[in-house]
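>>> Just need the structure, nothing else, for what follows:
(one chain, ligands or ions: 1)
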Amino acid sequence: MAIINCRNLTKKYTNKLALDDVSFSIDENRIIGLIGRNGAGKSTLLKTCAGYIRPTSGDITLWDEPIFNNMNVLSRLIFINEDMRFHHSLKLKDIIKLSKIYYANWDNELATKLFNYFNLDIKLKYAKLSTGMKSQFNFIMGICSRMSLTLFDEPTLGLDAAVRKEFYNILLKDFMDNPRTIIISSHMLHELENLLEEIIIIKNGKFLMQEPIDVIQNYSVSLNGARKVIIPFIESHKTLFENELGDSITAGIENNLTKKDIYYLNENNVEINKISSEDTCVYLTSNTKEGEIYDIIS
Ligand SMILES: Nc1ncnc2c1ncn2[C@@H]1O[C@H](COP(=O)(O)OP(=O)(O)OP(=O)(O)O)[C@@H](O)[C@H]1O
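Predicted coordinates for the structure are as follows:
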């Protein structure tokens, strides 16, 4: 069952078109990655899904109901981002006390274990936490609230690699025990991909694709070899990048090579390598050509 349905969503901020005719739907009980470059529109899309901002045009429904001014829907979701605002006088323990009341499924035992594990002193005021500590606290809120729809916008900001890994492991374990729909926006797909079932890629405010993670993991390959052998493949396949060096070329192309193609490439000494899902996303969302930066800095 689809729990989020977006149809032709557009969001214009004064002169900036942040979302441009975005349509997609998301089925329940899965973890989805929302991937896009800086400024692609990820936060705007999540804020729209959370009912924080209204689209300029288009429709969005959660559980087939409109979001705005609809407590039935809003009480089933949590939106976690770096701008979580709590009154400056509130200590973490006060926020936890309120969370127990507000979030019907709040798991206080898990919250206590996680605060201890991450050495977060609940007597501290939220306003006094460092960026990383705020991210830890917010992440724990997102996990322990166990809302049917949990939206994380760049949840690991300021966290070191070890903590990010631990959080994602905790999230996966908790998701397996308590399935729900979780959307996580991030630039760092490689850290997330073991967790994700599906990813949505947006580029310059436009929906680019929504695919199971294994499709993205096998989406593209790089070919490295003689120019005259590779050029026909560049001409006949969707090409993500190409670099020429003398008589040889390295090109990233969509991975729909036939057995005959692979045999031919092997016979002609072309090296074929898989491109990681992270790199595939970087190439798919790039606004510049591979190597262009070297023209600028040379
Ligand atoms: N309140 C606002 N007023 C004007 N423009 C905005 C506002 N919020 C976002 N934008 C613009 O809309 C575009 C999309 O921004 P958004 O924050 O949604 O992107 P993002 O993918 O989350 O970026 P990042 O990964 O850098 O956080 C950007 O060009 C941004 O400058």
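>>> quick one, what contacts Ile200?
By C-beta atoms under 8 Å, 6 or more residues apart in numbering, Ile200 lies in contact with 24, 32-35, 207, 209-210. Heads up, the C-betas are built off the backbone N, CA and C, glycines and all.
>>> which parts of the stretch 1-150 of the chain sit against the ligand?
Taking C-beta under 6 Å from any ligand atom as the measure of proximity, the stretch 1-150 of the chain contacts the ligand at 13-14, 16, 18, 36, 38-44.
>>> Repeat the analysis, applying 5 Å as the threshold.
Where the stretch 1-150 of the chain comes near the ligand, counting by C-beta under 5 Å from any ligand atom, the residues are 13, 16, 18, 36, 38-44.
>>> Now the buried members of those.
Buried members of these, scored by 16 or more other C-beta atoms under 10 Å, are 18, 36, 40-44.
>>> Out of these, which comes closest to Val282?
Sorting these by distance to Val282 puts Gly36 at the head of the list, at 11.0 Å, by C-beta to C-beta.
>>> how close does the residue in the chain sticking out farthest from the centre get to Val229?
Among the C-alpha atoms of the chain, the one most distant from their mean position (C-alpha atoms, centre = their mean) is that of Glu267, at 39.7 Å. From Glu267 over to Val229 the distance is 9 Å, taken as C-beta to C-beta, to the nearest Å.
>>> go on, Thr280?
Between Thr280 and Val229 the distance, using C-beta to C-beta, works out to 23 Å.
>>> How about Glu65?
Glu65 sits 56 Å away from Val229, going by C-beta to C-beta.
>>> for Val73, same thing?
Distance from Val73 to Val229, counting by C-beta to C-beta: 56 Å.
>>> just Ala111 next, same as before
Ala111 sits 59 Å away from Val229, taking C-beta to C-beta as the criterion.
>>> who has more neighbours, the two?
Ala111 (21 against 17; other C-beta atoms under 10 Å).
>>> quick one, helices of the chain?
42-49, 71-74, 92-102, 108-117, 131-144, 161-177, 189-192, 213-217, 227-236, 259-267, 277-285, 292-297 (DSSP state H).
>>> out of the ones you listed, nearest to Ile201?
Put simply, out of the helices of the chain the one that sits nearest Ile201 is helix 277-285, at 6.2 Å, with distance taken as C-beta to C-beta.
>>> so, in contact with the ligand or not, that closest one?
No. Applying C-beta under 5 Å from any ligand atom, one finds that helix 277-285 is not in contact with the ligand, the shortest distance being 10.2 Å.
>>> helices or strands up against that helix?
Under the contact criterion of 3 or more C-beta pairs under 8 Å, 6 or more residues apart in numbering; DSSP states H and E, the helices and strands touching helix 277-285 comprise helix 189-192, strand 198-203, strand 206-212, helix 213-217, strand 239-245.
>>> relative orientation of that helix and strand 206-212 in degrees?
Angle, helix 277-285 to strand 206-212, by axes from the mean of the first three to the mean of the last three C-alpha atoms, to 10 degrees: 150 degrees.
>>> outside of helix 277-285, which residues touch it?
Contact with helix 277-285 is made by 35-37, 40, 188-190, 193, 199, 201, 203, 208-209, 213, 216-217, 219-220, 240-241, 252, 275, 290, as judged by C-beta under 8 Å, 6+ apart.
>>> What residues does the stretch 151-298 of the chain have near the ligand?
Taking C-beta under 5 Å from any ligand atom as the criterion, the stretch 151-298 of the chain has no contact residues with the ligand.
>>> any weak-confidence spans in the stretch 151-298 of the chain?
Counting by pLDDT under 70, the stretch 151-298 of the chain contains low-confidence residues at 288-298.
>>> go again using 90 as the cut-off
Low-confidence regions of the stretch 151-298 of the chain, defined here as pLDDT under 90, cover residues 156-163, 186-194, 244-246, 285-298.
>>> do the stretch 1-150 of the chain as well
Checking the stretch 1-150 of the chain against pLDDT under 90 turns up 1-2, 15, 69, 82-92, 97, 100-102, 104, 118-119, 122, 126-132.
>>> run the last query once more with 80
Counting by pLDDT under 80, the stretch 1-150 of the chain contains low-confidence ranges at 84-87.
>>> hmm, back to that, pick the one among the contacts of Ile200 closest to the ligand.
Minimum separation from the ligand among those (C-beta to the nearest ligand atom) is found for Leu34, which lies at 8.5 Å.
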